[in-house]
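In: Okay, here's the prediction I keep looking at, along with the sequence it came from:
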Number of protein chains: 2
Amino acid sequence: MAEQLEVNVNLTNQKVQFTGVSRSNPSITFDYDPPLGDGQGYTGLEMLLMSLAACSGTSIVALLRNMNKSISEFKVNGKGIRRTEHPTSFQKIFLEYTLNSKDVENKHIQEAIQLSEEKFCPVWAMVKNNVEVVTEYKIIAS
Amino acid sequence: MAEQLEVNVNLTNQKVQFTGVSRSNPSITFDYDPPLGDGQGYTGLEMLLMSLAACSGTSIVALLRNMNKSISEFKVNGKGIRRTEHPTSFQKIFLEYTLNSKDVENKHIQEAIQLSEEKFCPVWAMVKNNVEVVTEYKIIAS
């Protein structure tokens, strides 16, 4: 991955709707709840939660495959509880990983989650010490 | 905005492509550079940068309007310089705001940027102390 990442975000209506893009990816619409915005898009904080879910999921899948484990299904559910006063950032994030695998055991997924948090997920490193992240997992063997 | 936000991210190919969604928004494709992935989507870290650009832009636009200033155009360019060792998170982020306004002066945009950083942008609060964020702005009066 490049050492420098670049994004561009432009205001696209008379309220606070923004359109964002990076490289050749499809553009993304951001908006905020009424009355400030029209609620027709992602909020920045919601997107931060999704970026953490995707980043941690990516590294966990890669780590499990490095252990020669097979994964037929992998899902991440992320929930973030916001503070009620400004800044209304997350005070707590829950990440639940659900995977379908015939050979992943508890110790493997636990190790992969720990390595993702401590070393391999850059988004996790970006929010470290600013929020409590609670992880859970479910292994389905079918 | 709700006190709890929720996202779902699912692995969608045999490598590390994930599809993410929240509420009724269009889904977003995440992927990682080859050889781990196919490079066909956003990376988590790229999306974190976009969420910061959109979140700070939203609050700055809202703050300027609260000062009764008019904005006919507003853009955010975000650049993030990554560490070369794991975790390859950002060591420095540059945010450049370009706005077209007939009545916004330096002091107004400076105050709005400061308030966004210190109080109103929750994404900024989530990365505080973990990365240096350098801001710049350009006012075009046309």
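Out: Sure thing, it's come through.
In: make it CA atoms for all contacts and neighbour counts henceforth
Out: Will do.
In: all helices for chain A, in order.
Out: Counting by DSSP state H, chain A has helices at residues A:44-66, A:106-115, A:122-127.
In: Counting by contacts, list what the shortest one packs against.
Out: Identification of packing neighbours for helix A:122-127 by 3 or more Cα pairs under 8 Å, 6 or more residues apart in numbering or on different chains; DSSP states H and E yields helix A:44-66, helix B:44-66, helix B:122-127.
In: Which among those helices is found nearest to residue A:133?
Out: Taking Cα to Cα, helix A:44-66 is the member of the helices and strands packed on helix A:122-127 nearest to residue A:133, at 10.3 Å.
In: what angle separates the closest one from helix A:106-115?
Out: Going by axes from the mean of the first three to the mean of the last three Cα atoms, to 10 degrees, helix A:44-66 is angled at 130 degrees with respect to helix A:106-115.
In: Flag every buried residue along helix A:44-66.
Out: For helix A:44-66, the neighbour count (16 or more other Cα atoms under 10 Å in any protein chain shown) marks A:44-64 as buried.
In: Got the domain ranges for chain A?
Out: A:1-42, A:56-140 (automatic domain parsing).
In: So which of the helices of chain A is nearest residue B:35?
Out: helix A:44-66 (11.1 Å).
In: next one: the closest one to chain centre, how far?
Out: Mean C-alpha position of helix A:44-66 versus that of the full chain (Cα atoms, centre = their mean, to the nearest Å) differs by 5 Å.
In: Same list, the helices and strands packed on helix A:122-127, but as CSV with mean pLDDT and distance to residue A:19 please.
Out: Converted to CSV, the helices and strands packed on helix A:122-127 look like this (pLDDT from 0 to 100; distance: least, Cα to Cα, whole Å):
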stretch, mean pLDDT, distance to residue A:19
helix A:44-66, 98, 12
helix B:44-66, 98, 8
helix B:122-127, 98, 17
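In: among the ones you listed, which is nearest residue A:126?
Out: Proximity to residue A:126 (Cα to Cα) singles out helix B:122-127 among the helices and strands packed on helix A:122-127, at 5.5 Å.
In: Other residues contacting the closest one?
Out: The contact list for helix B:122-127 (Cα atoms under 8 Å, 6 or more residues apart in numbering or on different chains) reads A:44-45, A:48, A:86-90, A:126-128, A:130-131, B:51-52, B:55-56, B:116-119.
In: if we go to 6 Å?
Out: For helix B:122-127, the external contacting residues (Cα atoms under 6 Å, 6 or more residues apart in numbering or on different chains) are A:45, A:87-89, A:126-127, A:130, B:52, B:117.
In: Dump those residues to JSON lines, plus distance to residue B:27.
Out: Output for the contacts of helix B:122-127, formatted as JSON lines (distance: Cα to Cα, whole Å):
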{"residue": "A:45", "distance to residue B:27": "16"}
{"residue": "A:87", "distance to residue B:27": "27"}
{"residue": "A:88", "distance to residue B:27": "25"}
{"residue": "A:89", "distance to residue B:27": "23"}
{"residue": "A:126", "distance to residue B:27": "24"}
{"residue": "A:127", "distance to residue B:27": "24"}
{"residue": "A:130", "distance to residue B:27": "27"}
{"residue": "B:52", "distance to residue B:27": "19"}
{"residue": "B:117", "distance to residue B:27": "29"}
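In: any idea which of those is closest to residue B:24?
Out: Comparing the contacts of helix B:122-127 against residue B:24 with Cα to Cα places residue A:45 closest, at 15.9 Å.
In: residues contacting the closest residue to residue A:120 other than its chain neighbours?
Out: Among residues not flanking residue A:120 along the chain, residue B:87 sits closest, at 5.2 Å (Cα to Cα, 6 or more residues apart in numbering or on different chains). By Cα under 6 Å, 6+ apart, residue B:87 lies in contact with A:119-120, A:122.
In: wait, which of the helices of chain A is closest to residue A:5?
Out: Closest of the helices of chain A to residue A:5 is helix A:122-127, at 12.9 Å (criterion: Cα to Cα).
In: for the helices and strands packed on helix A:122-127, which one sits closest to residue A:73?
Out: Closest to residue A:73 of the helices and strands packed on helix A:122-127 is helix A:44-66 (Cα to Cα; 10.0 Å).
In: for the closest one, packing partners?
Out: Contacts defined by 3 or more Cα pairs under 6 Å, 6 or more residues apart in numbering or on different chains; DSSP states H and E place helix A:44-66 against helix B:44-66.
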